[in-house]
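Student: Mind looking at a prediction? Sequence and model below.
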Amino acid sequence: MTKTALVVGVSGIVGSATATLLVDRGWQVSGLARRPTGQAGVQPICADLQDVDATARALTDLRPDAVFITTWLRQDSEAENIRVNSAMVRNLLDGLPKPTAPRHVALVTGLKHYLGPFEAYGKGALPQTPFREEQGRLDVENFYYAQEDEVFAAAARDGFTWSVHRPHTVIGKAVGNAMNMGTTLAVYATLCRETGRPFAFPGSAAQWNGLTDMTDARQLARHMLWAATTPEAANEAFNVVNGDVFRWSWMWGRIANWFGIAATPFDGIVRPLEQQMDGDAGLWRTIAEREGLVELDLSRLASPWHTDADLGRPIEVVTDMSKSRRLGFTEYQPTDDAFFDLFAQLRNDRLIP
């Protein structure tokens, strides 16, 4: 029988990649978002998860075999992140009809599980790297923990299995996404090429010189589908990255070469993209109008604050995937190819020239 899935946050980087994979694998897919896009093969569901009643009405007739939660809303404080994002997960799981057959719920969080929330990101006493799932929670309030607790409580009540997926920085396409390093770097490189400004690494020496890893949205989608269909992976939390490691001192030049520009040698000075790109909205609009691009609003493509947070970290960050490997997940994605595939897609879709 055809499997059915609900992808929550289907218009985002992870949600759209997950829906695409499920459709390709023959699943019947519904995609929930506040403003669903017309993704091929996906039945759109329009709902605001902050609205309890509207969410329940939107989900009345759905009885999915698997639910993939890939959405969150950034707030001004971690207390508000916890209040809003835990309520969204609770409203979703309360609004779904109680399962009458086996159901799996996958929740996407991230490495802030180990690094702490935005207000304390990469500060204080942190676990050793590579991060491993058994290192557990920090002694700090974190909306990821609150989301997990909502899933655990609903699973105990309704009898479904669950998995938690902790990617590193996700590479993939979405417009209007709050955390989007790949497109941010593509836009930054385009602006540097246009103006002749140096393509300068914005982050710290620790990130420039240290090892790191990342997560292609397609790799994360494959990982969630694997967990949803592998009994041994039920009721487990997993790290998920591409499977390679690199240094930004190597990757930066490869990104520059793709755009036909020179990478500026790193001099140890942190140059945040929020400062470098401040005031570029008008320039981007000019480029977009001249080149016939489909998105004129720079703020819907680039998220400099998030890229600065990742590239400015004072510690080396690498992620262990042994738990998944032992259970049989063997997918691999070279990170430079993930960037290049994204850049080609952005160009093909007329989001960059």
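Tutor: Sure, I can see it. Numbering: from 1, shown residues only.

Student: Okay, the most centrally placed residue in the chain and residue 80: tell me how far apart.
Tutor: Within the chain, the residue whose C-alpha comes closest to the C-alpha centroid is residue 170; the distance, by Cα atoms, centre = their mean, is 4.4 Å. If you measure residue 170 against residue 80 using Cβ to Cβ, to the nearest Å, the figure is 23 Å. All C-beta spots, glycine's among them, are computed from the backbone N, C-alpha and C.

Student: and what of residue 156?
Tutor: The gap separating residue 156 from residue 80 is 27 Å, by Cβ to Cβ.

Student: Quick check on the two: which one has the bigger neighbour count.
Tutor: The residue with more neighbours, out of residue 156 and residue 80 and counting by other Cβ atoms under 10 Å, is residue 80; that gives 13 against 10.

Student: Is that one in a helix, a strand, or coil?
Tutor: Here residue 80 is helix, with the state taken from DSSP: H, G, I helix; E, B strand; the rest coil.

Student: Next one: it, what pLDDT does it get?
Tutor: Residue 80 is assigned 96 on the pLDDT scale.

Student: distance of it from residue 270?
Tutor: Distance, residue 80 to residue 270, using Cβ to Cβ: 28 Å.

Student: What of residue 320?
Tutor: 28 Å.

Student: Okay, residue 28 and residue 275: tell me how far apart.
Tutor: Distance, residue 28 to residue 275, using Cβ to Cβ: 47 Å.

Student: My read is that the residue nearest to the centre of the chain contacts residue 12, right?
Tutor: No: here residue 170 lies out of contact with residue 12, judged by Cβ atoms under 8 Å, at a distance of 9.3 Å.

Student: Any stretches of this protein with poor pLDDT?
Tutor: Within the chain, the ranges that satisfy pLDDT under 70 run 121-124.

Student: And the strands in it?
Tutor: 4-8, 28-33, 42-46, 66-69, 104-108, 161-167, 170-171, 211-212, 215-216, 236-240, 246-247 (DSSP state E).

Student: Export those as a markdown table, with columns for distance to residue 202.
Tutor: Shown next, in a markdown table, are the strands of the chain (distance: least, Cβ to Cβ, whole Å):
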| stretch | distance to residue 202 |
| --- | --- |
| strand 4-8 | 32 |
| strand 28-33 | 30 |
| strand 42-46 | 35 |
| strand 66-69 | 31 |
| strand 104-108 | 26 |
| strand 161-167 | 21 |
| strand 170-171 | 17 |
| strand 211-212 | 14 |
| strand 215-216 | 20 |
| strand 236-240 | 26 |
| strand 246-247 | 16 |
